[in-house]
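In: I would like the atomic coordinates for the input below:
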Amino acid sequence: MRPVRVAVIGLGAVAQSVHLPIVQRNRADVDLVALCEVSPSRLATIGRRYGVPSAGWFATAQDLASAILQGRVSVDAAIVATTGNHADDALTLIRAGVRVLAEKPLAYSFADLDNLEAGLAELGRDPDAWLRVGYMKEYDPAVAAARVLLTDVTPREVSVEVLHPADGTQLKFARLEAPATDVDPALLAGNHHRLQRSISAAVGSDDTPLRKLYSDVVLGSIIHDIALTRHLGLALTDVAHATHWGPEFPGSVIGSGATAGGVPFSLRWHFIKDFPAYRELVTVHHERGSVELEFTTPYILNAPTILRTCSGGGDLRSTACEEVWPQEEAFEREFRALLDMTRDSGQAGSSIDAARQDLASAQTLWRACAMSSGTAIDPACEASEPHHRATVSDGRNSGTS
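Out: Sure thing, here's the model as predicted:
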């Protein structure tokens, strides 16, 4: 079988620490043929490091797509790991015949998702066959096991707790390239303008800390927990109250609400700059015990998620179990699923429909934070109405198990 020809778009922290090492250790099945990066020096450094010829170096996804359509390079699959909105790049690459794994968030606004969906419909391409959102937790074997355990219980409560350190603390081990200083200012300005336009469509144009809360915290981090709980069949749809507070940004987000099935949902997200390690607990209490997932720093490959289960029996016995899968990496399983998609095989995963559900939950949470702070919400923005813009399923018809 011919190796899958892969491109990586955006050579920042997640690409350097996760995606490129995973591509490298799967080289028996993959040819890394193209890289895209707005910093010429970083592009050259990483291109040489991974043996990608300079003919496969490009500044943007648009440049790569043009080269594909001109026959100068052949690409089967791409990982889009740029900063900001990924919907435009995903559509550009799919138009060039490339299957896409786009890092979260896929989009910052429903307008972006509408444009993406319309473009795919015009091409006659099924989003589920051409596009995946990079929710790596959906591919975690511990999550898969938890999903099975939750199929025959009645949940009583969903609880999410995140302690989030500074990026430098999480990524020191990766020895990332120094911040780029040679990016074309016009290119940076254009990217910034497009991103801010999308954020304005979602939450309004007023320059408040809540605007940054939406882009950097809710869609930068909490979206992973929104997607995970949806995948477990416990999508957050109603937020009764949420607040954003703390001595300095990004502070903490505390919220409570309910799932589509009416199960109480609580969220506690804290940025603690000097905390030594990322810590995330997702717990589901049910009528016979509990199921808990503990995630560690996501950028360290093969640092296993812990699955804890507690249950009782009629004989007054209590059982506690802890399981890990140290030989299975969620990001790698996600990458293998991308390879399967290029071969028209494998299972379904999160695509545009799932992204719509998650964006609706994200905007609902953000709106509750804005209301509790007394901030007036632009009535023209998407988040102004407390509605869920997607048909909420139980989460079990999307995502890889």
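In: got the residue ranges for the helices in this protein?
Out: Remark: helices assigned in the chain by DSSP state H are 13-14, 20-25, 40-49, 61-69, 87-95, 110-123, 127-130, 141-149, 167-171, 185-203, 209-212, 223-231, 330-342, 352-373.
In: most tightly packed of those helices?
Out: helix 223-231 (a mean of 25; mean count of other CB atoms under 10 Å). C-beta coordinates here come from the backbone N, C-alpha and C atoms, glycine included.
In: off-centre distance for that helix?
Out: 9 Å (CA atoms, centre = their mean, to the nearest Å).
In: which strands or helices does that helix pack on?
Out: helix 141-149, strand 155-164, strand 236-245, strand 264-271, strand 279-286, helix 352-373 (3 or more CB pairs under 8 Å, 6 or more residues apart in numbering; DSSP states H and E).
In: pLDDT of the last one, averaged?
Out: Regarding helix 352-373, the rounded mean pLDDT is 96.
In: Asp184 is in contact with Glu37, isn't it?
Out: No: using CB atoms under 8 Å, Asp184 makes no contact with Glu37, being 11.8 Å away.
In: please say which of these two ends up with more neighbours.
Out: Remark: of Asp184 and Glu37, Glu37 carries more neighbours, 26 against 12, as counted by other CB atoms under 10 Å.
In: still on that earlier bit, so what's in contact with Asp184 and Glu37 at the same time?
Out: Each of Ala59 lies in contact with both Asp184 and Glu37 under the rule CB atoms under 8 Å, 6 or more residues apart in numbering.
In: tell me how far the residue nearest to Ala44 when sequence neighbours are not counted lies from Pro155.
Out: Closest residue to Ala44 apart from its sequence neighbours, by CB to CB, 6 or more residues apart in numbering: Trp57 at 7.1 Å. To Pro155, Trp57 is 49 Å away according to CB to CB, to the nearest Å.
In: what do you get for Glu280?
Out: 19 Å.
In: distance of the closest residue to Tyr139 other than its chain neighbours from Ala78?
Out: Spatial nearest neighbour of Tyr139, excluding adjacent residues (CB to CB, 6+ apart): Arg333 at 3.9 Å. As judged by CB to CB, Arg333 and Ala78 stand 18 Å apart.
In: cool, Ile377 as well?
Out: Ile377 is 36 Å from Ala78, by CB to CB.
In: so between those two, which is more surrounded?
Out: Ala78 (29 against 17).
In: what sits against the more buried one?
Out: Contacts of Ala78 by CB under 8 Å, 6+ apart are 6-9, 34, 61, 64, 93, 98-101.
In: so which of these comes closest to Arg42?
Out: Val8 (12.1 Å; CB to CB).
In: and for the closest one, the neighbour number?
Out: Neighbours of Val8 using other CB under 10 Å come to 24.
In: give the bridge partners for the closest residue to it other than its chain neighbours, please.
Out: Sequence neighbours aside, Ile79 is the residue nearest to Val8 in space, at 5.0 Å (criterion: CB to CB, 6+ apart). Going by DSSP bridges, Ile79 is paired in beta bridges with Val8, Leu101.
In: next up, the contacts around Ile79.
Out: Contacts of Ile79 by CB under 8 Å, 6+ apart are 6-9, 15, 19, 100-101, 103, 134, 335, 338.
In: try Ala202
Out: With CB under 8 Å, 6+ apart, Ala202 has these contacts: 108-110, 214, 363, 381-383.
In: any idea how far Ala260 is from the nearest residue to it once chain neighbours are set aside?
Out: Nearest residue to Ala202, sequence neighbours excluded (CB to CB, 6+ apart): Ser109, at 4.2 Å. Distance, Ser109 to Ala260, using CB to CB: 22 Å.
In: more crowded one of the two?
Out: Comparing Ser109 with Ala260 by other CB under 10 Å, the one with more neighbours is Ser109, at 23 against 20.
In: picking up where we left off before, with pLDDT and distance to Asp88 added, can I get the contacts of Ile79 in a markdown table?
Out: A markdown table is the format used below for the contacts of Ile79 (pLDDT from 0 to 100; distance: CB to CB, whole Å):
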| residue | pLDDT | distance to Asp88 |
| --- | --- | --- |
| Val6 | 98 | 20 |
| Ala7 | 98 | 16 |
| Val8 | 98 | 17 |
| Ile9 | 98 | 11 |
| Ala15 | 98 | 18 |
| His19 | 98 | 20 |
| Val100 | 98 | 11 |
| Leu101 | 98 | 16 |
| Glu103 | 97 | 14 |
| Gly134 | 96 | 16 |
| Phe335 | 97 | 23 |
| Leu338 | 97 | 19 |
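In: which one of those is nearest Pro209?
Out: Glu103 (24.5 Å).
In: the closest one - how many residues pack around it?
Out: Quick note: Glu103 (other CB under 10 Å) scores 22 neighbours.
In: nearest spatial neighbour of it, chain-adjacent residues omitted?
Out: Per CB to CB, 6+ apart, closest to Glu103 is Gly134, 4.1 Å.
In: so which helix or strand of this structure has the lowest pLDDT on average?
Out: None of the helices or strands of the chain scores lower by mean pLDDT, DSSP states H and E than helix 167-171, at a mean of 86.
In: any idea how far that one is from the middle of the chain?
Out: Distance, centroid of helix 167-171 to centroid of chain: 18 Å (CA atoms, centre = their mean).
In: ok, stretch 50-65 next?
Out: 24 Å.
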